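A.B. asks: sharing a model prediction with you, sequence too.
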Amino acid sequence: MNLKGKKIAILVDNVYQEMELWVPLYRLQEAGAETVTVGAVAGQTYTSKLGYPCVAQKSYDQVSAADFDGLIVPGGYAPDHMRRHARCTRLVADINEQGKLVAAICHAGWVLCSAHGMLKGRKVTSFFAIKDDMINAGAEWVDQEVVVDRNLVTSRKPDDLPAFMRACLEVLGG
């Protein structure tokens, strides 16, 4: 699939899950998309659960939904840090409202829970430990490797990355 001309934000914060950030980033680049890592502070290095570094190219204050064709939120414990930033949850909600790709894997559903009611009436999955959070945010939770609800793509864990990325590419290419 050719995604030349598409620009995708990948959110980053400390204690992200390595595979859930780097697999999507490299897979999107392989398909021709431009990827931009976005965090609370531009230029800051954020470390993964195992200490692997990722530099935020832009901050939440420097970007808007109009800049992107979609975004990916990796899991790990990072989503709990991300959702503490109002500009982060506003970015996610705005991209969702524009019908662009919003993709979340594992614990990334925490960001969606805080994104201004975007889960109400949506079908999703996530890591099982945050199932109650997703339901309390208004979602219908199911245990599947990937769930696509219009522009929203969700998955449970790193093992689901192949299905997750196929679904993300389909939404972006559609």
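C.D. replies: On my side now, so go ahead. Because the structure is a prediction, the values reported are computed rather than measured.
A.B. asks: so Asp149 sits against Arg122, correct?
C.D. replies: Yes. With contacts defined as Cβ atoms under 8 Å, Asp149 counts as touching Arg122 at a distance of 4.9 Å. For glycine as for every other residue, the C-beta is placed from the backbone atoms N, C-alpha and C.
A.B. asks: more neighbours, the two?
C.D. replies: Arg122 (21 against 15; other Cβ atoms under 10 Å).
A.B. asks: that one against Glu140, yeah?
C.D. replies: Yes. Counting by Cβ under 8 Å, Arg122 does reach Glu140; the two are 7.1 Å apart.
A.B. asks: number of nearby residues for Gly121?
C.D. replies: Neighbours of Gly121 (other Cβ under 10 Å): 10.
A.B. asks: helix/strand/coil for it?
C.D. replies: coil (DSSP: H, G, I helix; E, B strand; the rest coil).
A.B. asks: number the chain from 3, please
C.D. replies: Got it, the first residue is 3 from now on, which makes the last one we talked about Gly123.
A.B. asks: contacting residues for the most centrally placed residue in the chain?
C.D. replies: Taking Cα atoms, centre = their mean, the centroid of the chain lies closest to Val75, which sits 1.9 Å from it. For Val75, the contact set (Cβ atoms under 8 Å, 6 or more residues apart in numbering) comprises Leu13, Pro81, Met84, Val94, Val104, Ala105, Ala106, Ile107, Ala110, Val113, Leu114.
A.B. asks: can you pick the most crowded of those residues?
C.D. replies: Counting neighbours by other Cβ under 10 Å, Ile107 leads the contacts of Val75 with 33 neighbours.
A.B. asks: circling back to that earlier point, need the contacts of Val75 in a markdown table with secondary structure and pLDDT, can you?
C.D. replies: A markdown table is the format used below for these (DSSP: H, G, I helix; E, B strand; the rest coil; pLDDT from 0 to 100):
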| residue | secondary structure | pLDDT |
| --- | --- | --- |
| Leu13 | strand | 98 |
| Pro81 | helix | 98 |
| Met84 | helix | 98 |
| Val94 | helix | 98 |
| Val104 | strand | 99 |
| Ala105 | strand | 99 |
| Ala106 | strand | 98 |
| Ile107 | strand | 98 |
| Ala110 | helix | 98 |
| Val113 | helix | 98 |
| Leu114 | helix | 98 |
